[in-house]
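Undergrad: Kindly return the folded structure for what I paste below:
(one chain, ligands or ions: 2)
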Amino acid sequence: MVVKKEYLLIVDDDPGIQKQLKWSLDKYNLVFAEDRASAIKQLRRFEPAVVTLDLGLPPDPANASEGLMALSEILALSPSTKVIVVTGNDDKDNALRAVADGAYDYYHKPIDPDVLQIIIDRAFQLHRLEDENRRLVESKSPATAGIIGNSPEMTRVLRLIERVAPTEATALLLGESGTGKEVFARAIHQLSPRRNAPFIAINCASIPENLLESELFGFEKGAFTGAHKKTQGKIECAQGGTLFLDEIGDMPGALQAKLLRFLQERVIEPVGGRTELPVDVRVVCATNRDLKEMVESGEFREDLFYRISEITFQLPALREREGDVVLLARSFLHNYNSELGRNLLGFNETALKAICSYSWPGNIRELQNKVKSAAIMADSKLISAEDLGLDLLAEKDMAFNLRAVREEAEKKLIFKAFSYTDYNISRSAELLGVTRPTLYSLMDKYNITDERNKRAQ
Ligand SMILES: Nc1ncnc2c1ncn2[C@@H]1O[C@H](COP(=O)(O)OP(=O)(O)OP(=O)(O)O)[C@@H](O)[C@H]1O
Ligand SMILES: [Mg+2]
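TA: Ligands and ions are numbered 1, 2, ... in the order given. Below you'll find the model as predicted:
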């Protein structure tokens, strides 16, 4: 078998160096470029895995600006390419700046071919590993193929889903709004032997209480005014397949009893009917409410809770999925590019920082919406934090953090002063450099009680 040599692009305007590298790096398929424009041309043509880039390029070889610009263009076009920047010996600042901008590594001239070769080999190796990883993610089972996530938290949930899906267990999916509960419910169905039968979803919160019963259980002709003909309910429609009860926490009390009976006996009784109908459906439920707390407060039946939670999945919030947010953002952008006929290359550095530091209370749905509107709004090739509407939000988050940190510090210091003076208000106020009334109002604010006074009572 002939192994195809991998492409290595050398961007350098010095013919001597080009020649030297040609000799020493012959295990790679070398292609050359002598300035920014030709580098981009070669990149498009050969799609090299690794590029060595001299930062001092014409027309201004004494300055690194042309090289840094080439770097950002290369990475925007092909983010997975490993770029090794080559600089003059005294130009550490620009080398570090290039690494901060996304270069894989840097190397100082004069070139020692042996050392450079080691760096290049490592870059190819990393590129191969990342490539393999990407292919593995893409080759997942068709049911989970649309589910994006590489974080340990997500991988753990996916493994569990794969194990539980083929069983008949009633599964309960818990998670904040937008964490993908419906996506996972569908995956459970797809990975089960019921995949060719229907998947029927019903949102218990969106249907008025008086209609939900007939919607679920169906009704006989004449069961109520307007019941002109016998109608199947969703449970019966799911015969042989999976019934997804979304927002189960919003199921009214009276219906909870009827649902429990169905789950225990596996028969339904349509509204206005007297005959029982056996049904074979697998049930998956989801909610973003705290069902345990609802059980404690009497809003949700305890017996129903145990019935529906044979297996419980807690879907992590997006902010808890280390690294997934950028993966998802890129994938959504890819989809919106084709859906909206745009050709955006990615996110700029500040946008990526904002995406990573924002807390995403609306989770994946919020991320999807923000990327979509940014894809519509962006007027440069790279999406900015402003396009995402995250520039001001990030500031707000920061302001909030600052206040929280300050309050926490204030509270701690007050406790410290009190423990030092054994709750002597005047001395504590003196130590803290505030007046007595100010200290009293701070005690009020932080709910701090005067322990000495309490002891005396
Ligand atoms: N891991 C994921 N990979 C790709 N897309 C996802 C992922 N999780 C969720 N989505 C997408 O995010 C959106 C929200 O997902 P979904 O409707 O399943 O969330 P949910 O938890 O049911 O939300 P809600 O509580 O608001 O009903 C959907 O468009 C879904 O396709
Ligand atoms: Mg949902």
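Undergrad: all contacts plus neighbour counts: C-alpha atoms, from now on.
TA: OK.
Undergrad: does Leu8 count as helix, strand or coil?
TA: strand (DSSP: H, G, I helix; E, B strand; the rest coil).
Undergrad: which residues does it bridge with?
TA: Residues in a beta bridge with Leu8, per DSSP bridges, are Leu30, Val50.
Undergrad: That one is in contact with Lys27, isn't it?
TA: No - taking contacts as C-alpha atoms under 8 Å, Leu8 lies outside contact range of Lys27: 9.8 Å.
Undergrad: Neighbour count for these two, which is higher?
TA: More crowded of Leu8 and Lys27, by other C-alpha atoms under 10 Å: Leu8, with 24 against 12.
Undergrad: tell me the contacts of the more buried one?
TA: Applying C-alpha atoms under 8 Å, 6 or more residues apart in numbering to Leu8 gives the contacts 28-31, 48-52.
Undergrad: mind redoing it with 7 Å?
TA: 28-31, 48-51 (C-alpha atoms under 7 Å, 6 or more residues apart in numbering).
Undergrad: Please identify the buried residues of the helix or strand encompassing Glu366?
TA: Secondary-structure assignment from DSSP states H and E places Glu366 in helix 363-377. Neighbour-count burial for helix 363-377 flags 363-365, 367-368, 370-372, 374-376 (criterion: 16 or more other C-alpha atoms under 10 Å).
Undergrad: try stretch 198-213
TA: In stretch 198-213, counting by 16+ other C-alpha under 10 Å, buried: 198-205, 209, 212-213.
Undergrad: do the same with stretch 283-301
TA: 283-289, 291, 299-301.
Undergrad: Dihedrals phi and psi, Val11?
TA: Main-chain torsions, Val11, degrees, to the nearest 10: phi -110, psi 110.
Undergrad: who touches stretch 123-133?
TA: With contact meaning C-alpha under 7 Å, 6+ apart, stretch 123-133 is reached by 49-50, 82.
Undergrad: now do 6 Å
TA: Contact with stretch 123-133 is made by no outside residue, as judged by C-alpha atoms under 6 Å, 6 or more residues apart in numbering.
Undergrad: Next, the buried residues of it.
TA: Neighbour-count burial for stretch 123-133 flags 123-124, 126-127 (criterion: 16+ other C-alpha under 10 Å).
Undergrad: Could you work out the most separated pair of the buried residues of stretch 283-301?
TA: Val283 and Glu299 (21.1 Å; C-alpha to C-alpha).
Undergrad: circling back: reformat the buried residues of stretch 198-213 into CSV and put distance to Lys221 next to each item.
TA: Output for those, formatted as CSV (distance: C-alpha to C-alpha, whole Å):
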residue, distance to Lys221
Pro198, 25
Phe199, 26
Ile200, 23
Ala201, 24
Ile202, 22
Asn203, 24
Cys204, 24
Ala205, 26
Glu209, 20
Leu212, 17
Glu213, 15
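Undergrad: From those residues, list the ones also adjacent to ligand 1.
TA: Among the buried residues of stretch 198-213, no residue sits close to ligand 1 (C-alpha under 6 Å from any ligand atom).
Undergrad: mind listing which of these are in strands?
TA: Residues of the buried residues of stretch 198-213 located in strands (DSSP state E): 199-203.
Undergrad: Tell me the one among those residues nearest to ligand 1.
TA: Asn203 (8.8 Å; C-alpha to the nearest ligand atom).
Undergrad: Quick one: residues contacting that closest one.
TA: Contact analysis of Asn203 by C-alpha under 6 Å, 6+ apart lists 246-247.
Undergrad: Quick check: bridge partners of it?
TA: Applying DSSP bridges, one finds that Asn203 bridges with Asp246.
Undergrad: Distance-wise, check it relative to Ile40.
TA: Using C-alpha to C-alpha, to the nearest Å, Asn203 is found at 51 Å from Ile40.
Undergrad: per-residue pLDDT, the residue in the stretch 301-450 of the chain that ligand 1 sits nearest to?
TA: Among all residues of the stretch 301-450 of the chain, Arg365 sits closest to ligand 1, at 4.3 Å; criterion: C-alpha to the nearest ligand atom. What the model reports for Arg365 is a pLDDT of 96.
Undergrad: Isn't it up against Gly178?
TA: Yes - using C-alpha atoms under 6 Å, Arg365 is in contact with Gly178, at 4.9 Å.
Undergrad: residue ranges of the strands in the stretch 301-450 of the chain, please?
TA: For the stretch 301-450 of the chain, the strands defined by DSSP state E, counting those that start in this stretch cover 311-314, 346-347, 382-383.
Undergrad: Which positions in the stretch 151-300 of the chain make contact with ligand 1?
TA: The stretch 151-300 of the chain has residues 177-183, 288 near ligand 1, with proximity defined as C-alpha under 6 Å from any ligand atom.
Undergrad: Go ahead and report the secondary structure state at Arg289.
TA: Assignment for Arg289 (three-state DSSP): coil.
Undergrad: Could you report the neighbour count for the closest residue to it other than its chain neighbours?
TA: Spatially, and ignoring its direct neighbours in sequence, Arg289 is nearest to Gly249 (6.2 Å; C-alpha to C-alpha, 6 or more residues apart in numbering). Gly249 has 21 neighbours, counted by other C-alpha under 10 Å.
Undergrad: Looks to me like Gly249 is in a strand.
TA: No - Gly249 is assigned helix when assessed by three-state DSSP, not a strand.
Undergrad: gap between it and ligand 1?
TA: In this view, Gly249 and ligand 1 are 12 Å apart by C-alpha to the nearest ligand atom, to the nearest Å.
Undergrad: Give me the pLDDT for that residue.
TA: pLDDT recorded at Gly249 is 95.
Undergrad: picking that back up, deepest-packed of the strands of the stretch 301-450 of the chain, please.
TA: Of all the strands of the stretch 301-450 of the chain, strand 346-347 has the most neighbours on average by mean count of other C-alpha atoms under 10 Å, namely a mean of 22.
Undergrad: Quick one: mean pLDDT for that one?
TA: Strand 346-347 carries an average pLDDT of 90.
Undergrad: Point out the other helices and strands that it packs with.
TA: Judged by 3 or more C-alpha pairs under 6 Å, 6 or more residues apart in numbering; DSSP states H and E, the packing partners of strand 346-347 are strand 382-383.
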